[in-house]
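**Q** Sequence and predicted model, in that order:
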Amino acid sequence: MTTAVDLRPAFTLAGEWVKDGIVPGVSIAVSRHGALLGTYTAGKKAAGGGGPVDEETLYPVASVTKPVTAALVMRLVDRGVLTLDEPLRRLIPALGVDKRELCLRDLLRHTAGLSGDDPNEPQLWEREASFAEIVASAAALPAVEPAGARVLYSNVGYWLAGAAAAAALGVPFPEALRREVIEPFGLDGEIVAAPDTALNDRIARRYGKTKIMNGPYGRALCPPSGGLFATARGLTRMASVFLCDGITPEGDRVLSSGAVTLMTTTQTGSLDGGIGGFWEWDVASWGLGFEVKGSKPEHWTGDFTSSATFSHPGQAGTLFWADPATGIACAILANRDLYTRWIFTPARWARLNNAIVAAVTRRS
């Protein structure tokens, strides 16, 4: 554990998750105004026999990947390679007739009316289908609601968004992420797309339904909806770039102010909706990539974060968030899927985030 403020009471809460067998391992990083305040690790990369978690541990972060995919898209929008509202049929010719007018704006904010998941995906994974085959399957799925009707969280939509960005660049999706986000943001080794086998010893095992990320096929596939690996420290660095108007700690502008605003502030108006099976809200505030706290009750970032807080959870047991009101950014990574509902009873993420914000702001 390293800490510049007294985060020990907060970190003790996470340590109890490991001690009580709730999660095999956990990593946390907290920063403020771009400066790292503290890190914490506990437990093992794999239950029963894995090596200990440390600050270099890479977690399969599942849907925390989505804001990174959105950042890739917005980098291309900044350069005039793409626009948010042009139909995607040029980049994804396999789109079904009912989706020929789909645009990136709706995909990134989950208002495209697409299903949450592709029902064909388990069979595709089982036969180790290619990236292109999975995109083609997603493109052929019928829409389930009219575009713009509500916030309908969709992994399918992010497969299409990532595929469109890669097609626009003419390179494989993992290469597009490395070239446009990971390297410019200074995240080499901290956020990893399609990790080489040389990194196997750094990777935490995922426990839950989606087991393909534990093997060579899933790791190389790099789904735009949920295929990245990251350290807690790396995610706080990425979040800090958004808190600093798209500028890295080294002073490099990697996103325009306009792109940052669209990604981190509500772009869904008063639409209802949410993440099927987990969270539903009367007003489901969402940016182009990030979830926005807004007026949502019982929020995972706790009671002390502001309504402007932007974040993203991951099904693998991961979360990162940033609050423009305080300048705090936080990543909480564990390796047990949310399907087990371990964060809900009690509200473990919210309790931990309350303790973190209280500790950091006590010095203000």
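**A** Noted; the coordinates are in hand. Numbering: from 1, shown residues only.

**Q** ok, residues contacting stretch 231-239?
**A** With Cβ atoms under 8 Å, 6 or more residues apart in numbering as the test, stretch 231-239 has contacts from 27-31, 36, 39, 55-59, 61, 64, 67-68, 185-187, 189-191, 249, 320-322, 329-333. Backbone N, C-alpha and C define where each C-beta goes, glycine included.

**Q** Filter these down to just the ones in helices.
**A** Filtering these for membership in helices, criterion DSSP state H, returns 67-68.

**Q** now the contacts of stretch 231-239: which count as buried?
**A** Among the contacts of stretch 231-239, those classed as buried by neighbour count (16 or more other Cβ atoms under 10 Å) are 27-31, 36, 39, 57-59, 61, 64, 67-68, 185-187, 190-191, 320-322, 329-333.

**Q** Chain neighbours aside, what residue packs nearest to G113?
**A** In space, and not counting its chain neighbours, G113 is closest to E145: 3.8 Å by Cβ to Cβ, 6 or more residues apart in numbering.

**Q** now swap in L76 and tell me
**A** L82 (4.5 Å).

**Q** Next up, the contacts around the one you found.
**A** Applying Cβ under 8 Å, 6+ apart, we find L82 in contact with 73, 76, 104, 164-165, 168.

**Q** change it to 10 Å
**A** Taking Cβ atoms under 10 Å, 6 or more residues apart in numbering as the definition of contact, the neighbours of L82 are 73-76, 88, 91, 103-104, 164-165, 167-169.

**Q** Equivalent analysis for K293, please.
**A** Going by Cβ under 10 Å, 6+ apart, the list of residues near K293 reads 266, 285, 299-302, 305-311, 321, 323.

**Q** Try it again at 8 Å.
**A** Under the criterion of Cβ under 8 Å, 6+ apart, the contact partners of K293 comprise 285, 299, 301, 305-311.

**Q** before we move on, the earlier item: distance of the residue nearest to G113 relative to G276?
**A** Taking Cβ to Cβ, to the nearest Å as the criterion, E145 is separated from G276 by 12 Å.

**Q** follow-up on the earlier one: can you flag the buried ones in the contacts of K293?
**A** Of the members of the contacts of K293, the ones counted as buried by neighbours, 16+ other Cβ under 10 Å, are 285, 299, 301, 305, 308-311.

**Q** Give me the average confidence score over whichever strand or helix holds T236.
**A** Using DSSP states H and E, T236 falls within helix 232-243. Helix 232-243 shows a mean pLDDT of 97.

**Q** Who are the packing partners of the following helix or strand past that helix?
**A** Reading on from helix 232-243 to the C-terminus, the next helix or strand found by DSSP H and E is helix 257-264. Using 3 or more Cβ pairs under 8 Å, 6 or more residues apart in numbering; DSSP states H and E as the contact criterion, the secondary-structure elements in contact with helix 257-264 are helix 65-78, helix 232-243.

**Q** mind running it again at 6 Å?
**A** helix 65-78 (3 or more Cβ pairs under 6 Å, 6 or more residues apart in numbering; DSSP states H and E).

**Q** Report the angle between the helix it packs on and helix 232-243.
**A** Using axes from the mean of the first three to the mean of the last three Cα atoms, to 10 degrees, one finds that helix 65-78 and helix 232-243 are set 40 degrees apart in direction.

**Q** Quick one: list the elements packing against helix 65-78.
**A** Helix 65-78 sits against helix 155-169, helix 257-264, with contacts defined as 3+ Cβ pairs under 6 Å, 6+ apart.

**Q** Pass me the low-pLDDT residue ranges in the stretch 1-150 of the chain, would you?
**A** Scanning the stretch 1-150 of the chain for pLDDT under 70 picks out the ranges 1-4.

**Q** all strands for it, in order.
**A** Using DSSP state E, counting those that start in this stretch, the strands of the stretch 1-150 of the chain run over residues 2-3, 25-32, 35-43, 59-60.

**Q** Let me have those strands in TSV, extended by distance to E133.
**A** As requested, the strands of the stretch 1-150 of the chain are arranged in TSV below (distance: least, Cβ to Cβ, whole Å):
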stretch	distance to E133
strand 2-3	44
strand 25-32	33
strand 35-43	36
strand 59-60	22
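
**Q** With L243 as the reference, name the closest of those strands.
**A** Nearest of the strands of the stretch 1-150 of the chain to L243, taken as Cβ to Cβ: strand 25-32 at 8.9 Å.

**Q** Now do the closest one: distance to the chain's middle.
**A** The chain centre lies 15 Å from the centre of strand 25-32; the measure is Cα atoms, centre = their mean, to the nearest Å.

**Q** Going forward, the N-terminal residue is numbered 702.
**A** Got it, first residue is 702 now, which makes that one strand 726-733.

**Q** and that strand with helix 933-944, angle?
**A** Angular relation of strand 726-733 and helix 933-944 on a 0 to 180 degree scale: 30 degrees, by the same axes, to 10 degrees.

**Q** and strand 726-733, what does it pack onto?
**A** Applying 3+ Cβ pairs under 6 Å, 6+ apart, one finds that strand 726-733 contacts helix 709-720, strand 736-744, helix 933-944, strand 1029-1035.

**Q** That one relative to strand 736-744, how many degrees between them?
**A** Note on geometry: by the same axes, to 10 degrees, strand 726-733 and strand 736-744 are set 170 degrees apart in direction.

**Q** related to what we said a few turns ago, what's the farthest-apart pair in the contacts of L783?
**A** Using Cβ to Cβ, the two most remote members of the contacts of L783 are C804 and L870, lying 18.2 Å apart.

**Q** and the gap between M939 and G978?
**A** In this structure, M939 and G978 are 27 Å apart, going by Cβ to Cβ.
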